[in-house]
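K.L.:
Just a sequence and a predicted model for now, questions to come.
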Amino acid sequence: MKIAYLGPRGTFTEQAVQALLAQINEISKVDQIEYIPKKTIPDCLVACKNKEVQYALVPIENSIEGSVNMTLDWIIHEGKIPIQAEYTLPIQQSALIHPQFNPASLDEVEKVFSHPQAIAQCHHFLREHCPGSEWIYMKSTAEAVEHVSKNPQEKWLAIGTSIAAKNYNLSIYQESIQDYDNNHTRFVLLGEDPLVEKQDFQDWLTSQKETESQEEDEVQKSEEGFTCKSSLLITQPENFPGTLYQVLAAFSWRRLDLTRIESRPTKKALGSYFFLIDLVHPIDDILLPGAIAEVEALGFQVRVLGRYPCFFKKR
Ligand SMILES: O=C(O)C(=O)C[C@]1(C(=O)O)C=C[C@@H](O)C=C1
């Protein structure tokens, strides 16, 4: 089985894809996996659409920076590949420099390289510690680390993972430089077929709850049933007043728990939007089909982008 992810080696996405598949493998054995690094998010998704790989793992949302619009827009406009799983990874950004560059302070840094999401997560740090620096966006944090590693003579800094620092022989100047401690990125696995059967996931959850050594928040999440999600794309019939209210009412009176609502441009006209809604529910939710039917009866189109299990990093 082949899975594309945003590479090269040493990205956060690589950490996420390996951790997700390890968890899935605990639930039901998966075939031998070949991880295929791709240079960009669209490259991952196109490889999946063209069946060069069976699955693609891409970032979709960060707790500091918000949505990864490239992923959202591709899912909406380009491909009809369903979401099969979600993985949430804590993100620790590190300031990395070449071992030959020995600055007295980061004031000396002339250029900072990283992925736009990573730079955005460290704005305060960069303004305070590297005020004169130029910020240069790369396709991934690992690409930035690799670039700095190949230019020992430069006064450059990369923002990336400590694993990438090791892979490319950079020194870790400072760890955990993101502006907010609670930094998490959600990733989604896209593919035609589910990797985990419902019943297997249910059995696994039950066994997790029974394990006393479980981390507190994991147990809480499982007990609250926050383990299965549905993502819906809702298109409004026309822009008449109160449309969003009508959609929300269908979920609200059924007490369906929305975790995210977002509008994205339909790209047809200024002011024309899709609504993207994520909700958490028990694995066998019986209320959701009724809510979808009600929204459709109001004249909206509803596309289910996926109904999938959610995983997160065990501490
Ligand atoms: O550049 C990487 O290392 C990635 O895996 C991409 C990415 C992203 O696109 O959000 C993943 C997690 C972090 O939020 C920063 C960057």
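P.N.:
Arrived safely. Small disclaimer: the values here were computed from a predicted structure and weren't measured.
K.L.:
When you work out contacts or count neighbours from here on, use the C-alpha atoms and nothing else.
P.N.:
Fine.
K.L.:
what's the neighbour count on the nearest residue to Cys130 once chain neighbours are set aside?
P.N.:
Leaving aside its sequence neighbours, Cys130 sits nearest to Asp107 (Cα to Cα, 6 or more residues apart in numbering; 4.9 Å). The number of residues packed near Asp107 is 14, by other Cα atoms under 10 Å.
K.L.:
Is Asp107 in contact with Gly132, as I believe?
P.N.:
Yes: in terms of Cα atoms under 8 Å, Asp107 counts as a neighbour of Gly132; the distance is 7.2 Å.
K.L.:
Close to the ligand: what parts of the stretch 1-150 of the chain are there?
P.N.:
With Cα under 6 Å from any ligand atom as the criterion, the stretch 1-150 of the chain meets the ligand at residues Leu6, Thr11, Phe12, Thr13, Pro59, Asn62, His115, Gln117, Ala118, Ser140, Thr141, Ala142.
K.L.:
The last one belongs to a helix, doesn't it?
P.N.:
Yes: secondary structure of Ala142 (DSSP: H, G, I helix; E, B strand; the rest coil): part of a helix.
K.L.:
Verify the contact between it and Thr11 for me.
P.N.:
Yes: in this structure Ala142 lies within contact range of Thr11 using Cα under 8 Å: 5.1 Å.
K.L.:
quick one, which of the two is more surrounded?
P.N.:
Between Ala142 and Thr11, Ala142 has the larger neighbour count (other Cα under 10 Å), namely 30 against 23.
K.L.:
Contact partners for the more buried one?
P.N.:
Listed by Cα atoms under 8 Å, 6 or more residues apart in numbering, the contact partners of Ala142 are Gly7, Pro8, Arg9, Gly10, Thr11, Ser114, Gly160, Thr161, Ala164.
K.L.:
any idea which of the residues you listed is closest to Leu20?
P.N.:
Checking the contacts of Ala142 against Leu20 with Cα to Cα, the nearest one is Thr11 at 14.4 Å.
K.L.:
rewinding a little: just the residues of the stretch 1-150 of the chain next to the ligand: which are in helices?
P.N.:
When those are checked against helices (DSSP state H), the matches are Phe12, Thr13, Gln117, Ala118, Thr141, Ala142.
K.L.:
Redo those as CSV? Include pLDDT.
P.N.:
Written out in CSV, the entries for those read as follows (pLDDT from 0 to 100):
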residue, pLDDT
Phe12, 97
Thr13, 98
Gln117, 95
Ala118, 97
Thr141, 97
Ala142, 97
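K.L.:
buried set for the lengthiest strand in the chain?
P.N.:
Of all the segments of type strand in the chain, defined by DSSP state E, the longest one is strand 301-312. By neighbour count with 16 or more other Cα atoms under 10 Å, strand 301-312 contains the buried residues Gln301, Val302, Val304, Leu305, Gly306, Arg307, Tyr308, Pro309, Cys310, Phe311, Phe312.
K.L.:
and the third one, what pLDDT?
P.N.:
Turning to Val304, the model gives it a pLDDT of 97.
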